[in-house]
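Novice: sequence and computational prediction follow.
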Amino acid sequence: MRQFDCPQCSAPIPFETPGAVFAVCAHCRSMVVRRDLELEAIGTMAELPPDSSPLQLGAVGAHGSHRFRLLGRLRLAWKDGTWSEWYADFGDGRNGWVAESQGFFYISETAPAPANLAELAKVTKSGKTLKIGGAEYTVTDIKEVRVTAAEGELPFVGSPGETWRGIDLTGDGRMFAGVELADDTARLYLGSTALPEEIQWQGLRAVPGWNGEPVPTTRNQTEALNCPECGGVIEQKLKGESSTLSCIHCGTILDIKGPKAVCAQKVRASDRVVKPIIPLGKRGTLRGVEWEVLGCLKRDDGWGGWFEFLLHNPWHGFAWLTESNGHWNFVRRLLDEPTGLSQEPRLRGTPYKLFSSGNVKVKQVAGEFYWRVRVGEKASTMDFVAPPRILSYESYPELEETAWSEGEYLPQEEIRKAFGIKNLLAPVGVFLNQPNPWAVRWPSLRAIASMALALAVVVQFLSSISSVRHKALDEDFEFKRPVDASAAIAPFVTPSFELTGSQKPATVGVEAGVDNAWLGMEAELVNEQTGMVYPTDVTVEYYHGYDDGEWTEGGRDQSSDLPAVPPGRYHLALTPEADPSITSMPFHVSVSHGGLFWSNFVICLIALGAWPAWSFFRHHRFEVKRWSESDHSPYPSLESE
């Protein structure tokens, strides 16, 4: 580190890196340029506007392999917003920047100008893919950049009014490339992006109004904005960061120009969000982080509208809460861009399905935003779902900017608890990324049911092996109709037979040569030792003929099962009946003991599968209802209930 005296006030001005050539005196705000061993004052730097960032000169950060110390800051602006870029010393003679924008960081080191600089300079639209240093990048943002203020030391002259053309590019794995083109000068920075909570910081400053810190009463901190249309006083939450305010008195949309606000768009009463569901300025804790509601806007895609609430936390940046028909999502800007097919991207290994695409428009506005919002602002969007998560792609043709965001469905109770809101609209219908309540039940039931069914099959198989059917009776008889039609048909009684073993099913079988006729038997299986009677009936019928082809019905042998017949000595009493056309008919009777009732097994299978089947049906119907709102439904032949 080398230290010089300010040419204006003689206060010490340190230069900690060899590459620093410009600095702002911390005492008198003089801009000085280092020329070898001398400093030259070239003017006075404008005061940096107050902001809510916890970053400050001297803060030390670590992210991955990067270790850096903040030595200087540029306050930059473009036509639709402002942000800060911090000049950082990465050690070993390396330097670069930590850009703080839209609630996350770009961490990059200085790199040699690319060989394809001429190709980069001609890029005018986002979406173009280029190679830099052997890696592939996609252009995501192009804008004209202007310096508004600075502090600390910098590697180039950063006086107010300095301008250049900035091109931001992103690659796989959060890779980032920043190109700055000014006259014949080109600067390239390569690095990565990070969420605020992913950086290990030391030496951050306290933020007024947060964590119990009092709000200072100095002039720069308390100066209020006045609406140029109605003269009303407007409170600005994010001084130095917000670009747009909506007047709470007349609804006019204002652009922030330093300490002043200028009219950007006059809006009708119907274009104002008069009473947001969550009041502006309300604070609530979601996922362990305290957020403050800064703004609310309503968007519409031509089919319906929804609300988007901008949230802010000094240490976590920005997030969004979206509400549509009582359904809520917590959304943050995505740094890991998806990979894979355009209609089925993958994020961190999870596949997403395209749900909707189209054009959206801002219909109503209220509050404060970090970019210039307008009623009528248009964007092209695509939504991809993997419930409970959603990926959203937005392209802003007027800004040459694209962005990905990731959202997660939140139960309404979580919103109610976080912000203390009681009267929330009850959810209507099934939302595109709403968790399927049967999604957890169905896989668990499927696993349990599969094991139970497998067990039932094994038991049935083992039982069938051990339950061999033994023939206990095999007798022939002949049915003869009495000459006297009024006489009763005498019953047949079989010889006695033995049923051995344990209590098992018994089967009574009858076989007869009927032809277009029938022969029926009322049978009683009688235990000769206990007198217990087991009644059943067996009817043999067989019909055939020709009617546009040969047909048959029935069969010449039939049987009937008796469950749980104990062992013992039995006989069978048979009372026959026959078709009037039959006067005489021989028939065969058999009795078997053992075997299984397969009907019981079938009933068991049905019972075991009933609840899983019902769960699957409900899971399926829920998905059908979800996708009924999509133009890309995987259920084209089904209609939602």
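Specialist: Received, thanks. Predicted, not measured: the structure shown is a model, and the values here were computed from it.
Novice: excluding chain neighbours, what is closest to T552?
Specialist: Using Cβ to Cβ, 6 or more residues apart in numbering and skipping residues adjacent in sequence, the residue nearest T552 is H544, 4.3 Å away. The way it works is simple: take the backbone N, C-alpha and C, and place the C-beta from them, glycine included.
Novice: test my guess that the one you found contacts V514.
Specialist: No - at 10.8 Å, H544 does not count as touching V514 under the criterion of Cβ atoms under 8 Å.
Novice: quick one on the thing from earlier: so what's the residue nearest to T552 scoring on pLDDT?
Specialist: On pLDDT, H544 comes in at 93.
Novice: how is the chain divided into domains?
Specialist: Segmentation of the chain into domains, based on automatic domain parsing, reads 2-185, 221-419, 438-465+600-627, 468-595.
Novice: out of those domains, which gets the lowest mean score?
Specialist: Ranked by mean pLDDT, those bottom out at domain 438-465+600-627, with a mean of 77.
Novice: related to what we said a few turns ago, H544 and V514: who's more crowded?
Specialist: V514 (22 against 11; other Cβ atoms under 10 Å).
Novice: ok, now which ones touch that one?
Specialist: 540-542, 556, 579, 582, 585 (Cβ atoms under 8 Å, 6 or more residues apart in numbering).
Novice: related to what we said a few turns ago, check for me that the residue nearest to T552 belongs to a helix.
Specialist: No - membership of H544 in a helix is not supported by DSSP: H, G, I helix; E, B strand; the rest coil, which gives strand.
Novice: what's the spacing between it and G58?
Specialist: Noted for H544: a distance of 103 Å to G58, by Cβ to Cβ, to the nearest Å.
Novice: quick revisit: nearest to R205, of the domains of the chain?
Specialist: Closest of the domains of the chain to R205 is domain 2-185, at 4.5 Å (criterion: Cβ to Cβ).
Novice: please compute how far that closest one lies from its chain's middle.
Specialist: Centroid separation between domain 2-185 and its chain, computed with Cα atoms, centre = their mean, to the nearest Å, is 36 Å.
Novice: and what of stretch 231-246?
Specialist: Its chain's C-alpha centre and that of stretch 231-246 lie 34 Å apart, by Cα atoms, centre = their mean.
Novice: hey, C-alpha coordinates of that stretch in PDB?
Specialist: Extracted in PDB, the C-alpha atoms of stretch 231-246 (Å, rounded to 0.1, in the frame of the first residue of the first chain):
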ATOM      1  CA  GLY A 231     -47.200  17.700  -4.100                       C
ATOM      2  CA  GLY A 232     -47.700  14.900  -1.600                       C
ATOM      3  CA  VAL A 233     -44.800  13.600   0.500                       C
ATOM      4  CA  ILE A 234     -43.600  10.200  -0.400                       C
ATOM      5  CA  GLU A 235     -41.300   7.900   1.700                       C
ATOM      6  CA  GLN A 236     -38.500   6.200  -0.200                       C
ATOM      7  CA  LYS A 237     -37.500   3.000   1.500                       C
ATOM      8  CA  LEU A 238     -34.500   2.100  -0.700                       C
ATOM      9  CA  LYS A 239     -32.600   5.400  -1.100                       C
ATOM     10  CA  GLY A 240     -30.000   5.200  -3.800                       C
ATOM     11  CA  GLU A 241     -31.400   1.800  -5.100                       C
ATOM     12  CA  SER A 242     -35.000   2.200  -6.100                       C
ATOM     13  CA  SER A 243     -35.700   3.600  -9.600                       C
ATOM     14  CA  THR A 244     -39.500   3.800  -9.500                       C
ATOM     15  CA  LEU A 245     -42.100   5.000  -6.900                       C
ATOM     16  CA  SER A 246     -45.800   5.100  -7.100                       C
END
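Novice: is the most centrally placed residue in the chain bridged to anything, and to what?
Specialist: Against the mean C-alpha coordinate of the chain, by Cα atoms, centre = their mean, the closest residue is R389 at 0.8 Å. Bridge pairing for R389 (DSSP bridges) gives the partners A386, E408.
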